[in-house]
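**Q** Sequence plus the predicted model coming up.
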Amino acid sequence: MTAVHLAAWPALAIAPAGKGDPTWFDNEALKKQFVPAIFETLQMVGLSTVCAVIIGTLLGLVLVQTGKGGLTPNKAVHQGVSFVVNVVRSLPFIIGIIVLIPVTKLIVGRSTGSLATVVPLVILSAPFFARLVETNLLAVDPGKVEAAQMMGASNRQIRWGVLIREALPALVQSVTTLAITLIGYSAMAGAVGGGGLGQMAINYGYNRWQTDVMICTVVAIIVIVQVIQVIGDLISRALDHRAR
């Protein structure tokens, strides 16, 4: 690694840990940075999930409504939105976060840190969630949509009162899947200064060979994923009228 690279990444310019270095509860990295790194990850994932759900839901509704058999079929709009969604979804996250650095700097003012990471997380995950929404909405029984139309319901009422309402349990599971995916993305963002547990694992667990830090960050991510999955399952079952 050159001197220029070391200057750009000061946290990586520290020599690897030796045999006599403190570990576990005596490790300064774990005592001072572990808990803040967990909150940074939760902040990134939480904010990114909310924004991606809002944007992805709207995109998913557009795909369903303008598609063949939708409420307002429009081939041009459907194909245009579908193309954009597919292009963004095809970008590997680690490449996408680099490509979006100018956009991130324009919105946040910098390209590193947990807040800056939210921008590429939202942009790259919203199309993924849009496809999940589209799949969930298309699975709704068409007979319920037809019944609502016969009763004089407007397109807006059908979108939110029939499609979204009937697909709500599946949508909650999709939100859970999105949040867990974003945890993996946020960990990868640590490779380019994204903050959180990912950056801590790379700076200390990988570059300084501190096995204790690596183990703790991995365990923390596993625990967060399990908690999100359990909460998502509970909410989904509570909303599923078929399970009652």
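**A** Yep, it's here.

**Q** Beyond the helix or strand bottoming out on mean pLDDT in the chain, next helix or strand please.
**A** Lowest mean confidence among the helices and strands of the chain (mean pLDDT, DSSP states H and E): helix 3-8, at a mean of 36. As assigned by DSSP states H and E, the chain's next helix or strand after helix 3-8 is helix 28-66.

**Q** What mean pLDDT does that following helix get?
**A** Mean pLDDT, computed over helix 28-66, is 90.

**Q** In contact with the nearest residue to Leu61 once chain neighbours are set aside, which residues are there?
**A** Leaving aside its sequence neighbours, Leu61 sits nearest to Arg159 (Cβ to Cβ, 6 or more residues apart in numbering; 6.0 Å). C-beta coordinates here come from the backbone N, C-alpha and C atoms, glycine included. By Cβ atoms under 8 Å, 6 or more residues apart in numbering, the residues touching Arg159 are Leu61, Gln65, Leu71.

**Q** Tell me which helix or strand the residue nearest to the spatial centre of the chain sits in.
**A** Among the residues of the chain, Leu182 comes closest to the average C-alpha position under Cα atoms, centre = their mean, at 2.8 Å. Using DSSP H and E, Leu182 falls within helix 164-189.

**Q** What helices and strands are in contact with that helix?
**A** If contacts are counted by 3 or more Cβ pairs under 8 Å, 6 or more residues apart in numbering; DSSP states H and E, helix 164-189 sits against helix 28-66, helix 93-99, helix 114-138, helix 196-200, helix 211-239.

**Q** so which of the ones you listed gets nearest Leu106?
**A** Nearest to Leu106 among the helices and strands packed on helix 164-189 is helix 114-138; the distance by Cβ to Cβ comes to 9.0 Å.

**Q** Report the distance from the closest one to the chain centre.
**A** Helix 114-138 sits 6 Å away from the centroid of its parent chain (Cα atoms, centre = their mean, to the nearest Å).

**Q** can you pull the buried residues of it?
**A** 114-134, 136-138 (16 or more other Cβ atoms under 10 Å).

**Q** Could you do stretch 33-48 as well?
**A** Buried residues in stretch 33-48, counted by 16+ other Cβ under 10 Å: Gln33, Phe34, Ala37, Ile38, Glu40, Thr41, Leu42, Gln43, Met44, Val45, Leu47, Ser48.

**Q** so Gly96 touches Pro120, yeah?
**A** Yes. Here Gly96 reaches Pro120: they are 5.9 Å apart, a contact under Cβ atoms under 8 Å.
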